[in-house]
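Enquirer: no sequence on this one, just coordinates:
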């Protein structure tokens with residue numbers, strides 16, 4: 001079980017934008033260079049974040065990407081859901097039935113119970129964490 005590259009890189013791009021203090025916003029080339037990602041990938045991720053209402057873009061010589069609301073109002077769980085979804089979706093069991101049409105454990109499934117518990121714990125952390133919380137973390141790189 002792991003988060004996808006899209007979720008990791010999208011969150012990194014959003015965090016980079018949130019940390020910008022210039023007031024002008026950041027461009028795709030700036031974010032691409034700072035995060036070590038291709039411009040095409042950054043453009044794709046920023047489109048998803050813009051469609052989710054987390055960032056906005058402005059054109060022109062002083063254009064760039066900025067947050068649409070304060071970092072303390074952006075919930076990390078919501079951002080990750082926009083970028084890719086949950087670790088455990090309810091459709092998981094129907095997607096992994098094996099050779100049969102319906103999973104042989106649909107009535108009493110301890111594995112589904114485990115994944116639900118893990119998802120609940122992860123959601124609890126992610127819904128309490130804001131973008132501002134991530135900005136406040138000291139970087140050691």
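Expert: Cool, got the structure. All figures in this text were calculated on a predicted structure; none of them were measured in a lab.
Enquirer: Closest to the centroid, which residue in this structure?
Expert: The chain has residue 80 as the residue nearest its centroid, 2.8 Å off, counting by CA atoms, centre = their mean.
Enquirer: show me what contacts the closest residue to it other than its chain neighbours?
Expert: In space, and not counting its chain neighbours, residue 80 is closest to residue 7: 5.3 Å by CB to CB, 6 or more residues apart in numbering. All C-beta spots, glycine's among them, are computed from the backbone N, C-alpha and C. Applying CB atoms under 8 Å, 6 or more residues apart in numbering to residue 7 gives the contacts 80, 83, 84.
Enquirer: do the same with residue 14
Expert: Here residue 14 is in contact with 49, 54, 55, 74, 79, 131 (criterion: CB under 8 Å, 6+ apart).
Enquirer: And what about it, helix, strand or coil?
Expert: When classified by DSSP: H, G, I helix; E, B strand; the rest coil, residue 14 comes out as helix.
Enquirer: quick one: it from residue 42, how far?
Expert: 11 Å (CB to CB, to the nearest Å).
Enquirer: any idea which helix or strand of the protein has the worst average confidence?
Expert: Within the chain, no helix or strand scores below helix 92-95, which has a mean of 57 by mean pLDDT, DSSP states H and E.
Enquirer: now the lengthiest helix in the chain: how far from the chain's centre is it?
Expert: Ranked by residue count and defined by DSSP state H, the top helix of the chain is helix 110-126. In this view, helix 110-126 has its centroid 18 Å away from the chain centroid, taken as CA atoms, centre = their mean, to the nearest Å.
Enquirer: Only the buried residues of that helix, if you could.
Expert: Neighbour-count burial for helix 110-126, counted by 16 or more other CB atoms under 10 Å, picks out 112, 115, 119, 122, 123, 126.
Enquirer: what does stretch 48-64 give?
Expert: For stretch 48-64, burial by neighbour count (16+ other CB under 10 Å) applies to 48, 49, 52, 54, 55, 64.
Enquirer: wait, isn't the fourth one in contact with residue 83?
Expert: No: look at residue 54 against residue 83 with CB atoms under 8 Å: they stay out of range, at 9.8 Å.
Enquirer: mind listing the strands for the chain?
Expert: 55-58, 64-67 (DSSP state E).
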